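Colleague: How does the following fold in three dimensions:
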Amino acid sequence: MTHKIISLDEHIIQSQRNLPYATGELSSLLRDIGLAAKIVSREVNKAGLVDIAGRADVENSSGDDVQKLDMLANDLLISCLRNSGECCGIASEEEDNFKPIKTPYKFAKYIVLFDPLDGSSNIDVNVSIGTIFAIYRRRSFEGECTLDDFLQKGADQVAAGYVLYGSSTMLVYTTKQGVNGFTLDPSIGEFCLSHENIQIPKTGKIYSVNQANFNNYPKGAQTYIMHCMNSGYTQRYIGSMVADVHRTLIKGGIFFYPGTTSKPNGKLRLLYECNPLALLIEEAGGLASDGKNRILDIPATKLHQKTPVFMGSPDMVHKAETLILEVDGV
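Modeller: Now for the predicted structure:
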């Protein structure tokens, strides 16, 4: 029996039939992001051959060193989205002007936020990195998009996903109708369905956290880490959120990045990283929390807002919340 290969484009078109009020714009936008991901994947795979690896001698809005591939991926995604005709505005984690980028298509229905290359400090050592994206329907009804269009709760996302550039390139996305993963077949240049209807295990044995910061974490987070250690769990921490969350999504477990004494709101961005990955985790049957509250319900007040995050298998996230409430209180 021949196995039918389903491409990303085919899957998006088929799924569109089940979306309320679908008129094709969202499907087209998702395909444009898929195209941008193919180009970024090609450039990532050339990192050791041409001069695109290493630092760019600039910092982003959070004071992190920007890598050359960060800038390349950022420019590629902005270019593809500007030319797509399906989004009226763009916001990127790498843009430090704290203002969204407006496209020529001011009457388009959607806005897109993205982290062009998560985990980019790992580029030089060939560790998995990724692109994260979130899509919202604009709130404003006429004229150019406004900042308010971008400051929506994660629960209002209409689609979200990530692209993992690892041993293979994978695109995982949701339109709130399940989570599906596609692996790039370089021989035909297409993303093909490889992980249909992903469901995260209810519990797991892997916890992913930067344990070197243990002494700087709140007591509740420390207590949960001790619980993981005493329960015989295995620690796995790559330092690339996309890679750590991807493993958690497929194998189960928990990924968390608490606040610290110097950064009480944590390091990860609500709009560019936590909201889109939280939507994927929840759509796959998991939970995503800041330790006390659902990530997708956190009000957004600024583009580069940060939050602590605990996401993964529901039993493990619930246990983390329970211990944090017992130790740290409300």
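Colleague: quick check: longest helix of this protein.
Modeller: Counting by DSSP state H, the longest helix found in the chain is helix 25-44.
Colleague: Stretch 148-166: how far from the chain's middle?
Modeller: 7 Å (Cα atoms, centre = their mean, to the nearest Å).
Colleague: Alpha carbons of it, as CSV, please.
Modeller: C-alpha atoms of stretch 148-166 as CSV (Å, rounded to 0.1, in the frame of the first residue of the first chain):
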residue,chain,number,x,y,z
ASP,A,148,-3.4,47.8,20.2
ASP,A,149,-3.7,45.2,17.4
PHE,A,150,-0.6,43.5,18.8
LEU,A,151,-1.3,43.7,22.5
GLN,A,152,-3.8,40.9,22.6
LYS,A,153,-4.0,37.9,25.0
GLY,A,154,-2.5,34.7,23.8
ALA,A,155,-5.9,33.1,23.8
ASP,A,156,-6.9,35.4,20.9
GLN,A,157,-4.3,33.9,18.6
VAL,A,158,-5.9,32.4,15.4
ALA,A,159,-2.7,30.4,14.6
ALA,A,160,0.7,29.8,16.0
GLY,A,161,3.7,27.6,15.3
TYR,A,162,7.4,27.1,15.2
VAL,A,163,10.1,25.8,12.8
LEU,A,164,12.9,23.7,14.2
TYR,A,165,16.2,23.7,12.3
GLY,A,166,17.8,20.5,13.6
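Colleague: For that stretch, buried residues please.
Modeller: Neighbour counts over stretch 148-166 (16 or more other Cβ atoms under 10 Å) mark 149-154, 157-166 as buried. In this view, the C-beta of every residue, glycine as well, is placed from N, C-alpha and C.
Colleague: hang on, the earlier thing: the longest helix of the chain: how far from the chain's middle?
Modeller: That offset, for helix 25-44, works out to 15 Å (Cα atoms, centre = their mean).
Colleague: Give me the helices and strands touching that helix, please.
Modeller: helix 8-16, helix 68-84, strand 110-118, strand 129-137, strand 157-165, strand 169-174, strand 179-185, strand 190-195 (3 or more Cβ pairs under 8 Å, 6 or more residues apart in numbering; DSSP states H and E).
Colleague: ok, 6 Å please
Modeller: Helix 25-44 sits against helix 8-16, helix 68-84, strand 157-165, with contacts defined as 3 or more Cβ pairs under 6 Å, 6 or more residues apart in numbering; DSSP states H and E.
Colleague: what angle do the first one and strand 179-185 make?
Modeller: Going back to what we said before, that points to helix 8-16. Counting by axes from the mean of the first three to the mean of the last three Cα atoms, to 10 degrees, helix 8-16 lies at 160 degrees to strand 179-185.
Colleague: from the buried residues of stretch 148-166, which single one is nearest residue 44?
Modeller: For the buried residues of stretch 148-166, the residue nearest residue 44 by Cβ to Cβ is residue 165; the value is 4.6 Å.
Colleague: give the contact list for residue 280.
Modeller: Neighbour list for residue 280: 174, 179 [criterion: Cβ atoms under 6 Å, 6 or more residues apart in numbering].
Colleague: Could you measure from it over to residue 181?
Modeller: Going from residue 280 to residue 181 by Cβ to Cβ, to the nearest Å gives 10 Å.
Colleague: can you pull the pLDDT of the residue nearest the centre of the chain?
Modeller: Closest to where the C-alpha atoms of the chain average out (Cα atoms, centre = their mean) is residue 132, at 3.6 Å. Predicted confidence (pLDDT) at residue 132: the value is 97.
Colleague: coming back round to it: with distance to residue 265 and mean pLDDT added, can I get the helices and strands packed on helix 25-44 in TSV?
Modeller: Converted to TSV, those look like this (distance: least, Cβ to Cβ, whole Å; pLDDT from 0 to 100):
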stretch	distance to residue 265	mean pLDDT
helix 8-16	35	85
helix 68-84	22	88
strand 157-165	21	96
